[in-house]
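> How does the following fold in three dimensions:
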Amino acid sequence: MPNLEPIALDILVHDCTALAPFLVDLASGERRGFCTEQDGFSEVVSEILTNQAALGDIAGITKSDFESFQQSNSRVAMIDAHLPALKKLVEVMEETRALEDDKRQRQVNAFAVAIERRARTTRNESLLAKYEKTRKYRSALAMKGLKTRKKKLAEAAQAESQATPAEG
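Coordinates of the predicted model:
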């Protein structure tokens, strides 16, 4: 039984307006080849920040490159501050959608059963025609479930036969 307690309002309202000037929406696949943070990166950031004033010019780290680096660090930190709440919100939305979808799928199934029962008891065949798509949909779901169960049984039987050594 799902937990149906109300969700805290603070995760439902999340303002990311401050991030708008630099947020981007990349096309699918555009992140391919991007470098990502690895273990030890925070130590690298600390080292660069510590040494920049005295050694940055000597090391070849220009002022504009360093400022750009600091800006990226700041932006990543701002995004990281928002991500946990946003991920939780997405999780809650997906789980709620799944629950509501399950509920409506079960309702359609019950409607189809009721329609068929009513058509049978009242001898009103026109009901079957008027709800043909509903009844087909319900039957398709049942057939899909049956097909999946048969496939899993066949896979289990095959795995069992492969696990049993052949007698010879």
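> In which helix or strand does residue 149 reside?
Element membership of residue 149 [criterion: DSSP states H and E] is helix 132-163.
> Surely residue 19 touches residue 79?
Yes - judged on CB atoms under 8 Å, residue 19 makes contact with residue 79 at a distance of 6.6 Å. From N, CA and C alone the C-beta is placed, and that goes for glycine too.
> Tell me how many other residues crowd residue 109.
16 (other CB atoms under 10 Å).
> Which strands and helices lie in contact with the longest helix seen in the chain?
Scanning the chain for the helix with the most residues, using DSSP state H, yields helix 63-122. Secondary-structure packing of helix 63-122 (3 or more CB pairs under 8 Å, 6 or more residues apart in numbering; DSSP states H and E): helix 9-12, helix 41-59, helix 126-130, helix 132-163.
> Make JSON lines out of those and add mean neighbour count, mean pLDDT and distance to residue 87.
Formatted as JSON lines, the helices and strands packed on helix 63-122 follow (neighbours: other CB atoms under 10 Å; pLDDT from 0 to 100; distance: least, CB to CB, whole Å):
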{"stretch": "helix 9-12", "mean neighbour count": "10", "mean pLDDT": "71", "distance to residue 87": "10"}
{"stretch": "helix 41-59", "mean neighbour count": "12", "mean pLDDT": "96", "distance to residue 87": "21"}
{"stretch": "helix 126-130", "mean neighbour count": "12", "mean pLDDT": "95", "distance to residue 87": "45"}
{"stretch": "helix 132-163", "mean neighbour count": "11", "mean pLDDT": "82", "distance to residue 87": "31"}
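> quick one, which of the ones you listed is nearest to residue 101?
Residue 101 sits nearest to helix 132-163 of all those, at 12.2 Å, using CB to CB.
> quick one: contacts for residue 88?
Residues near residue 88 by CB atoms under 8 Å, 6 or more residues apart in numbering: residue 11.
> what's the spacing between residue 43 and residue 67?
From residue 43 across to residue 67, the span is 21 Å (CB to CB, to the nearest Å).
> Turn the helices and strands packed on helix 63-122 into CSV, including distance to residue 29.
As requested, the helices and strands packed on helix 63-122 are exported to CSV (distance: least, CB to CB, whole Å):
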stretch, distance to residue 29
helix 9-12, 31
helix 41-59, 25
helix 126-130, 46
helix 132-163, 31
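> And those: which comes nearest residue 119?
Of all the helices and strands packed on helix 63-122, helix 126-130 comes closest under CB to CB, at 4.1 Å.
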